[in-house]
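1. Predicted model follows, preceded by the sequence.
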Amino acid sequence: MLSRRSLLLAPAAAALAARDAAAAGPLKVAFVYVSPVGDAGWTFQHELGRRALDAAMGNAVKTSFVENVEEGADAERVIRKLATDGNDLIFTTSFGYMNPTLKVAGQFPKLKFEHATGYKRAANLATYSARFYEGRYATGVLAGRMSKSGIAGYVAAFPIPEVLQGINAFTLGMRSVNPKAQVRVVWTSSWFDPGKERAGADTLIAGGADILTHHTDSTAVAQAGEEKGVLTVAYNSDQSKYGPKTCLTAVTHNWNDYYVGRVKAVIAGTWKSGDLWGGVKEGMTKLAPYGAAVPDAVRKEVDAKLAAIGAGTLKPFAGPLSGQDGKPKVAAGHAMTDKEIGEMNWFVDGVQGKI
Amino acid sequence: MRLERRAAASRLMAVLAPVLAVVAAALGAALLFAVMGKDPIACLHTLFIAPLADATGVSELALKATPLLLCAIGIAVGVQANVWNIGAEGQFTMGAITGGAVALWLGPDGAWFVLPLVLLAGVLGGMAWAGIAALLRTRFNAHEILVTLMLSYVAIQLLGWLVRGPMQDPEGFNFPQSRQFEPAATLPLLFEGGRVTIAALFALLAVPAGALLLGRTLIGYRIRVVGLAPGAARYAGFSETAAVWFCLLLSGGLAGLAGVSEVAGPIGQLLPSISPGYGFAAIIVAFLGRLRPVGILLAALLMALLYLGGEALQITQQLPLAATGVIQGMLLLFLLGADVLVHYRIRLGGRAHGRGRSGRG
């Protein structure tokens, strides 16, 4: 551990000299979080990335964060304050920070900004996101193998493309091993509302779902599954401690390598704006360790699917795909482009729910 | 040590109590910082002084206090008439929706009258939303506490639907947001480089206007009589129905103005979430300010300062947000606790005296 750290430190320290004389000293890196850090969830995964940055870069960086920043008028002030406070690189980690980040980036052309999940960029504003749907497809396969009733329940926040991609990929994965599988969706209209998430989970269980997953930020679904003995696939973070018996795995976000890489690029003077939509291949989307309930054969099968997705040989949104009404949506032989996936606003066949 | 009721409320203490509370909260905060291993003086400086150290800070303070002030003044006028509008959040949201709709519709025209219409639409939207509560209260005696609160959630859901449907930005990749408003539909800045808009002037104007209304006008007098002595008000022929309508329309209009000023100001577009709970925080502000407009101005500034200071504590002192929450809680607790001194005095060793009194009684 120690040797790895000093190895990483040496080039970083050398590269520091390349930077502006005025900016000498540790690179100041700030993070803006949309919710409190907590111990699981969207923000927690970004916080893990920040901690990884501290661990990897040691004294070469000085990191800080502001948590629970509203996506409205407050965001711009916080980002600007971080900019005037001498930060060199600022990560804003929620979609709603897009316009405020763009505005502040325009006013501080010498600083570097990175906005997660957005689509507006500038010379000093890069964007990054992860293909969470790749992990969703693999866990859909898992659900198809583990479900007896063939009915899965999906507690989801808002019908935006990122969420719809996940629901569709999960459904396609599940149907790839059980063509009759159904995925029932309940909306919570909130990223974080344990009460609603719990109520949604209870409704889905009462409706016959014997495996649950979610695209929300709390641990309520994993906990509901554990209480009622219903299998779950968690999201954002490993939630095995909330469902030691029933939580099969989780689709997790991993920003650690990205953050370390981008900071090193700034220090080396090679940072460039751009857009990275990473996935299994880049290590941004992973599965948490399997729970004891998952048989070996299923583990091997799901791992193989994930590897195929990483290698690019399995494309979750390759045609032929039909919509909810059974009519063809994507022709055979055509895999949806990133643009098409990014604008997704429809459900595949097998999803029961309304957008 | 015991408390003894004063014959009349102490004027000195009415002024001194908030000062004592702030001092007590500062001491409590210093203790908290010390326990957390931080330098208490540096942290107090970050919390209370640093946010105001430059023009940007002052502008941000005004920006943050504006919606609180507008909403709280309306709420306070209502409470004087015993009309409890706790749904300013909903009227705020409605004002943002109606004003935003006009901004999206007429903004591209770029004419001079667009902005006044945007503001007017926001005010009317807030009034209409509060008007529903007034109608239900005066016609069916449905209590406005429940109705205004519930309508808040309806307004928030409505906004959520609009930015995912009819008002969604067609070039926005299906994300829930409207187009950004054109310059003609956004409020002018008070000064270049800051974010505070002329809405801060509306809010400042609401302070003397509210004070005049309550203190010097017949309608203000009627409002207070209806609130304090409904029986006497009826005897004097003051209509309670009129007071309910007036108060709800006034507070709804002010909240609507706050809402439209937020979306046509610092936000610049409609989003699913446009308020960090201004309408609800304004209830605290109204009571902290003792329901008097000048007090509310000070309370709104204090709340805004706590928001900014809390952010600064996270940024420069790496303190978690929860620490700010504890300090805010302490301050509110001490402020309310110090109010006891206005109506009671502390007697030391007054036990025997007390017994004597009760003996006589």
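-> Good, I have the coordinates.

2. got a pLDDT number for whichever residue of the stretch 101-250 of chain A sits closest to chain B?
-> Of all residues in the stretch 101-250 of chain A, the one sitting closest to chain B is residue A:161 (5.1 Å; Cβ to the nearest Cβ). C-betas here are computed from N, CA, C, even on glycine. Per-residue pLDDT puts residue A:161 at 89.

3. That one: neighbouring residues, count only.
-> 18 (other Cβ atoms under 10 Å in any protein chain shown).

4. ditto for residue B:259
-> 37.

5. check contacts around it.
-> B:67, B:91-97, B:99, B:122, B:125-126, B:274-275 (Cβ atoms under 8 Å, 6 or more residues apart in numbering or on different chains).

6. gap between it and residue B:252?
-> 10 Å (Cβ to Cβ, to the nearest Å).

7. where do the contact lists of the two overlap?
-> Common neighbours of residue B:259 and residue B:252 (Cβ under 8 Å, 6+ apart) are B:91, B:126.

8. How about the helix or strand in which residue A:298 is found, which residues are buried there?
-> Per DSSP states H and E: residue A:298 is located in helix A:296-311. Buried residues in helix A:296-311, counted by 16 or more other Cβ atoms under 10 Å in any protein chain shown: A:298, A:299, A:301, A:302, A:305, A:306, A:309, A:310.

9. which helices and strands sit right next to that helix?
-> Packing partners of helix A:296-311 (3 or more Cβ pairs under 8 Å, 6 or more residues apart in numbering or on different chains; DSSP states H and E): helix A:132-146.

10. Centre of the chain to the next helix or strand after the helix it packs on, how far?
-> Per DSSP H and E, helix A:132-146 leads on to strand A:151-156 as the next helix or strand towards the C-terminus. Its chain's average C-alpha position is 18 Å from that of strand A:151-156, according to Cα atoms, centre = their mean, to the nearest Å.

11. For strand A:151-156, which strands pair with it and how are they oriented?
-> Within its sheet, strand A:151-156 is paired with strand A:182-187 (parallel), strand A:211-215 (parallel), according to DSSP bridges.

12. what element comes up after it heading to the C-terminus?
-> helix A:161-177.

13. list the helices and strands that next one packs on?
-> Using 3+ Cβ pairs under 8 Å, 6+ apart: helix A:161-177 touches helix A:132-146, strand A:151-156, strand A:182-187, strand A:211-215, helix A:338-342, strand A:351-352.

14. what angle sits between the longest one and strand A:211-215?
-> So the one you mean is helix A:132-146. 170 degrees (axes from the mean of the first three to the mean of the last three Cα atoms, to 10 degrees).

15. Is there proximity between helix A:132-146 and chain B?
-> No. Helix A:132-146 is not in contact with chain B by Cβ under 8 Å from any Cβ of the partner chain; minimum separation 14.8 Å.

16. per-residue confidence averaged over that helix?
-> 97.

17. what's the closest non-adjacent residue to the residue most central in space within chain A?
-> For chain A, the residue nearest the mean C-alpha position is residue A:253 (4.2 Å; Cα atoms, centre = their mean). With Cβ to Cβ, 6 or more residues apart in numbering or on different chains as the criterion, residue A:253 has its nearest non-adjacent residue at 4.2 Å, and that residue is residue A:45.

18. For chain A, state which of the contacts of residue B:259 is nearest.
-> residue B:274 (5.0 Å).

19. residues from chain A in reach of chain B?
-> That would be A:30, A:36-37, A:64-74, A:76-78, A:80-82, A:84-85, A:95-96, A:99, A:119, A:158-161, A:189, A:342-345, which are the residues of chain A within reach of chain B (Cβ under 8 Å from any Cβ).

20. follow-up on the earlier one: got the helices and strands packed on helix A:161-177 as TSV, with mean neighbour count columns?
-> TSV is the format used below for the helices and strands packed on helix A:161-177 (neighbours: other Cβ atoms under 10 Å in any protein chain shown):
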stretch	mean neighbour count
helix A:132-146	27
strand A:151-156	27
strand A:182-187	22
strand A:211-215	29
helix A:338-342	14
strand A:351-352	20
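
21. Need the buried ones from the residues of chain A next to chain B selected in PyMOL.
-> To isolate the buried members of the residues of chain A next to chain B in PyMOL, using 16+ other Cβ under 10 Å:
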select buried, chain A and resi 30+36+37+64+65+66+67+68+69+70+71+72+73+74+76+77+78+80+81+82+95+96+99+158+159+160+161+342+344
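
22. Where does pLDDT dip in the chain?
-> You didn't pick a chain, so chain A it is. Filtered on pLDDT under 70, chain A yields the residue ranges A:1-24.

23. Not quite, go with chain B.
-> Using pLDDT under 70, chain B drops low at B:349-361.

24. what does it have sitting close to chain A?
-> By Cβ under 8 Å from any Cβ, the residues of chain B that approach chain A are B:56, B:60, B:63, B:157, B:160, B:164, B:173-176, B:180, B:195, B:262, B:265-269, B:271-276, B:307-308, B:311-312, B:314-316, B:318, B:320-322.

25. Can you tell me which of the residues you listed end up in helices?
-> Among these, the ones falling in helices (DSSP state H) are B:56, B:60, B:63, B:157, B:160, B:164, B:262, B:307-308, B:311-312, B:314-316, B:321-322.

26. Weed out the non-buried ones from those residues.
-> Buried among these by 16+ other Cβ under 10 Å: B:56, B:60, B:63, B:160, B:164, B:262, B:307-308, B:311-312, B:314-316, B:321.

27. now the residue of the stretch 251-355 of chain A found nearest chain B: how far from residue B:269?
-> Nearest residue of the stretch 251-355 of chain A to chain B: residue A:345, at 5.0 Å (Cβ to the nearest Cβ). For residue A:345, the distance to residue B:269 equals 20 Å [Cβ to Cβ].

28. Same question for residue B:346.
-> In terms of Cβ to Cβ, residue B:346 sits 54 Å off from residue B:269.

29. More neighbours: those two, which one.
-> Taking other Cβ under 10 Å, residue B:346 and residue B:269 do not tie; residue B:269 has more neighbours (21 against 11).

30. For burial, what's the neighbour tally of residue A:188?
-> 23.

31. correction: residue B:181
-> Residues lying near residue B:181 (other Cβ under 10 Å) number 26.

32. what's the helix or strand for the nearest residue to it once chain neighbours are set aside?
-> The spatial neighbour of residue B:181 that comes closest, neighbours along the chain excluded (Cβ to Cβ, 6+ apart), is residue B:103 at 4.5 Å. Assessed by DSSP H and E, residue B:103 sits inside helix B:88-106.

33. name the helices or strands packed onto that helix?
-> Applying 3+ Cβ pairs under 8 Å, 6+ apart, we find helix B:88-106 packed against helix B:55-80, helix B:114-140, helix B:144-164, helix B:240-262, helix B:278-288.

34. For residue A:315, grab the count of nearby residues.
-> With other Cβ under 10 Å as criterion, residue A:315 counts 14.

35. Spell out the residue ranges of the helices in chain A.
-> Going by DSSP H, chain A shows helices at A:2-16, A:42-57, A:73-84, A:98-107, A:132-146, A:161-177, A:194-206, A:220-228, A:256-268, A:296-311, A:338-342.

36. That concludes my questions; thank you for your assistance.
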